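Colleague: pasting the sequence and the predicted coordinates here, then a few questions.
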Amino acid sequence: MKDFLKNVLATIVGLFVFFVVLGFIGLIGLVGAMVGESTATNVAKNSVLVIDLGSSISEKGDEENPMAMFTGQLTGSMGLANALSAIDKAKSNDNIKGIYLEAASAGSQDPAQLQELRAKLAEFKKAGKWIVAYGDSYSQAAYYVASVATKVYLNPQGELDWHGLGAQPIFVKDLMKKVGLNMQVIKVGRYKSATEMFTEDKMSDDNRAQTEAYLQGIWQNMCQEVAADRGISVAKLNEYADSMTLWMSQQELVKAKLVDKLAYADEMKLEVKKLLDIDEDKRISQVSVAQMKNVDTKTSGDEIAIYLAEGNIVDNAVTGLMMGSSQQIVAKDVCQDLERLTKDDAVKAVVIRVNSPGGSAYASEQLWHAIEKLKKAKPVVVSMGGYAASGGYYMSSGANWIVAEPTTITGSIGIYGQVMDPSQLLKEKLGIKFDEAKTNKHALFGTSSRPLNAEEIGMMSKYIKRGYELFRKRVADGRRMTIADVEKVAQGHVFTGQDALKLKLVDELGGLDKAVAKAAQLAKLSDHHTAQYPVPASMLEQLLEQTSGSSSYLDEQLKTTLGELYEPVMMIKNCQNEDFLQARMPYVLIGN
């Protein structure tokens, strides 16, 4: 009886503590929201918008996740849509005099996202306001964006990296063989290269050709834009890349016109104060991208929804360590969201921002279907981010209009299937024995005791071919092309956005702004505002998610530790959990 009362009391105390903590978190969230709003809606005179180029860029950054901020599980990502909006607002806000770009050695970035951010900064500068960039160290990605600034400053002992772009696929066939694993692959498309890491020792000739083509296309765009703003020829920029600017002296960087001036951090503050025309002892009034979110937010006119779809395309949410839990397009959830937008009469048009290398072919078909239904009710425009390839292109192909950046990676119209065969590992390495009893000859199909036989591979090949033909038909119908014309640009071939425009796979080059403008035109709206979807989860929902076993933070740490090995390790780990039929291109490691 005594133990019973003790357990009951412990339970009551536990529940009490839980609700107290929950209430405390809610109070912090409420106070934080109130403080954030009051700070954001009252921009002081003579302010500077500060943008951290050391942050990685995602479609939806950490600022959309209050629980991550509260628990300290920030990954340092900046939401691109929020950054673009902040720059737009700063351009028209008389209290903001300029932008301060804080450069650093940023992590891997999508060139198309950087290009869109850079273009928006160029608009700000064209409006007559100044931009200054300062860094102790410039990564190539950070310098590409920072080069648009009115003045570029570097620490007297700082570094600037400008070395070109490259891709270094990893091949794990021999490693898998050593441990007794074999990947059985069936694919459609001579350029479909996502499976090469498991089956080959090096890049196929077709894959090498397409990879070199899109790397050259991206690099050419970067060089041309930097050349225009820094007054350096493209040939000279390539010469600098070949000579490794990372090892050049700071004075050489100034002489090469890559930077304008050397300054320490305290001296940089004085430079900004001169631009603001304030005394040296005065404090610089700063405003962040997150604080700009509620500044001058327009709510008049008709609504255009901007729906952010980023990450691997999956049938259902996949969580847990090494399961890619941080960025996913969960077909089941997205389809429900799009159905709500279809029925919402207040939403007059929808822009779907797609940043995905693909994933499950089945999930991609469901997303295509949801967009088709949405398109019958209101105009749908797709804005492509860094990637909209394979399944990402599949879901996009039926939109009324497709906008891509010149450096977007898209296309990859092709499908493959892969099955892990661990039989050698189990039988020869671990000494596990199998016996069998069955009613039909294929009753043990897909078990770990044996690889697929020739008959099963033949049947699966027909299944994959049907999937490819359906994918091809979706593209043909959406892009108003013949099947034969689609086949010419299919076969898993990857293109840059500028090449995809020539091939009629996209309609226009540009970013979110152009996509929104086109959506307004198609919906015949004279006055409009935008709203971002999906609406961020409440703090309570995020708290429950954090306590339900999600390992996204650990996953991020593992990604940082493994570096370029993370993707192949994750693909091997997740192989048995993925849909058999995949419309996916591999992530490509691009020098930043």
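Modeller: Alright, I've got the coordinates. All values reported here derive from a predicted model rather than from experimental measurement. Numbering: from 1, shown residues only.
Colleague: got the residue ranges for the strands in the stretch 401-550 of the chain?
Modeller: 401-404, 409-411, 415-421, 494-496, 508-509, 528-533 (DSSP state E, counting those that start in this stretch).
Colleague: out of those, which gets nearest to Asp344?
Modeller: Among the strands of the stretch 401-550 of the chain, the nearest to Asp344 by C-beta to C-beta is strand 528-533 (9.8 Å). The C-beta positions use only the backbone N, C-alpha and C, and glycine is treated the same way.
Colleague: buried sites along the closest one?
Modeller: Across strand 528-533, burial judged by 16 or more other C-beta atoms under 10 Å covers 528, 530, 532-533.
Colleague: strands of the stretch 51-200 of the chain, start to end?
Modeller: 56-58, 77-79, 96-103, 130-138, 151-160, 182-188.
Colleague: could I get the average pLDDT for the fifth one?
Modeller: When pLDDT is averaged over strand 151-160, the result is 97.
Colleague: so which of the buried residues of strand 528-533 comes closest to Leu215?
Modeller: Nearest to Leu215, judged by C-beta to C-beta, of the buried residues of strand 528-533 is Gln532 at 32.1 Å.
Colleague: hang on, that closest one packs against Glu303?
Modeller: No. The criterion here is C-beta atoms under 8 Å, and Gln532 misses it with Glu303 at 10.9 Å.
Colleague: quick one: contacts for the nearest residue to Thr150 once chain neighbours are set aside?
Modeller: Nearest residue to Thr150 in three dimensions, chain neighbours excluded: Trp130, at 4.7 Å (C-beta to C-beta, 6 or more residues apart in numbering). Trp130 sits next to 97-99, 150-151, 275 when contact means C-beta atoms under 8 Å, 6 or more residues apart in numbering.
Colleague: save the residues you listed as JSON lines, and put in neighbour count and distance to Leu470 too.
Modeller: What follows is those, written out as JSON lines (neighbours: other C-beta atoms under 10 Å; distance: C-beta to C-beta, whole Å):
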{"residue": "Lys97", "neighbour count": "20", "distance to Leu470": "55"}
{"residue": "Gly98", "neighbour count": "20", "distance to Leu470": "52"}
{"residue": "Ile99", "neighbour count": "24", "distance to Leu470": "47"}
{"residue": "Thr150", "neighbour count": "15", "distance to Leu470": "52"}
{"residue": "Lys151", "neighbour count": "15", "distance to Leu470": "54"}
{"residue": "Leu275", "neighbour count": "17", "distance to Leu470": "58"}
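Colleague: all helices for the stretch 301-450 of the chain, in order.
Modeller: 331-343, 361-377, 391-396, 423-424 (DSSP state H, counting those that start in this stretch).
Colleague: how about the contacts made by Glu196?
Modeller: Taking C-beta under 8 Å, 6+ apart as the criterion, Glu196 is in contact with 169, 171, 203-204, 207, 586.
Colleague: contacting residues around the nearest residue to Cys335 once chain neighbours are set aside?
Modeller: Counting by C-beta to C-beta, 6+ apart, Cys335 lies nearest to Ala370, which is 4.2 Å off, once chain neighbours are set aside. Applying C-beta under 8 Å, 6+ apart, we find Ala370 in contact with 334-335, 338-339.
Colleague: ok so, going back, widest-spaced pair of the contacts of Trp130?
Modeller: Largest pairwise distance in the contacts of Trp130, by C-beta to C-beta, is 14.2 Å, between Lys97 and Lys151.
Colleague: for Glu252, the count of nearby residues, please.
Modeller: Counted with other C-beta atoms under 10 Å, the neighbours of Glu252 add up to 14.
Colleague: assign it to helix, strand or coil.
Modeller: Of the three states, Glu252 takes helix according to DSSP: H, G, I helix; E, B strand; the rest coil.
Colleague: so what's it scoring on pLDDT?
Modeller: What the model reports for Glu252 is a pLDDT of 97.
Colleague: likewise the one 4 residues further on?
Modeller: Confidence per residue is given as pLDDT, and for Ala256 that number is 97.
Colleague: hmm, it is touching Ile232, no?
Modeller: Yes. Under the criterion of C-beta under 8 Å, Ala256 makes contact with Ile232 at 7.5 Å.
Colleague: how far is stretch 145-154 from where the chain is centred?
Modeller: When distances are taken as C-alpha atoms, centre = their mean, to the nearest Å, stretch 145-154 is centred 25 Å away from the chain's centroid.
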